[in-house]
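Peer 1: Sequence and computational prediction follow.
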Amino acid sequence: MIDFPQQIADLEAEIDALSDAGEQCRKSMIVAKMAVWAGVVLFAVALLGLIQFDATLLVVGIAALLAGAVFYGSSRSSLEEITRKIRASEARRAEMIDEMDLRIVEGQ
């Protein structure tokens, strides 16, 4: 007989780990958005002349904008992959529970 309870427990541990990884991706996406906005602000401030023009400030703004956009895209695709894995694991867990042929126990 297949050890469904142990396999189900393993799947639940995997789902928990994937959920934690997904949360890290969400946090990374927030940081990436902040980097994009910081880059936009630095770029705009440098172009509009609100502070003394400095090529370094302009380059840092552009770099932050590009790096933030790339990091956001990477985190988003990782989150989508993790979400797919979670759904697959949850579906497999549901299949295992159905295969266990559990019975309802009447109260005594």
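Peer 2: Structure's in. What do you need? Numbers count the residues shown, from 1 in each chain.
Peer 1: ok, Ala38 touching Ala63?
Peer 2: No - using C-beta atoms under 8 Å, Ala38 makes no contact with Ala63, being 10.4 Å away. Every residue, glycine included, has its C-beta placed from N, CA and C.
Peer 1: Just give me the residue closest to the centre of the protein.
Peer 2: The centroid of the chain falls nearest to Cys25 when counting by C-alpha atoms, centre = their mean (2.7 Å).
Peer 1: Next one: that one, what pLDDT does it get?
Peer 2: On pLDDT, Cys25 comes in at 96.
Peer 1: quick one: which helix or strand includes it?
Peer 2: Using DSSP states H and E, Cys25 sits within helix 4-48.
Peer 1: Report the contact partners of the residue nearest to the centre of the chain.
Peer 2: Counting by C-beta atoms under 8 Å, 6 or more residues apart in numbering, Cys25 touches 75-76, 78-79, 82.
Peer 1: now swap in Gln52 and tell me
Peer 2: With C-beta under 8 Å, 6+ apart as the criterion, no residue contacts Gln52.
Peer 1: Name the next helix or strand downstream of the helix holding Cys25, please.
Peer 2: From helix 4-48 onward toward the C-terminus, using DSSP H and E, the following helix or strand is helix 55-99.
Peer 1: Report all helices and strands that that next one contacts.
Peer 2: Applying 3 or more C-beta pairs under 8 Å, 6 or more residues apart in numbering; DSSP states H and E, one finds that helix 55-99 contacts helix 4-48.
Peer 1: Helix 55-99 and the helix it packs on, what's the angle between them?
Peer 2: 160 degrees (axes from the mean of the first three to the mean of the last three C-alpha atoms, to 10 degrees).
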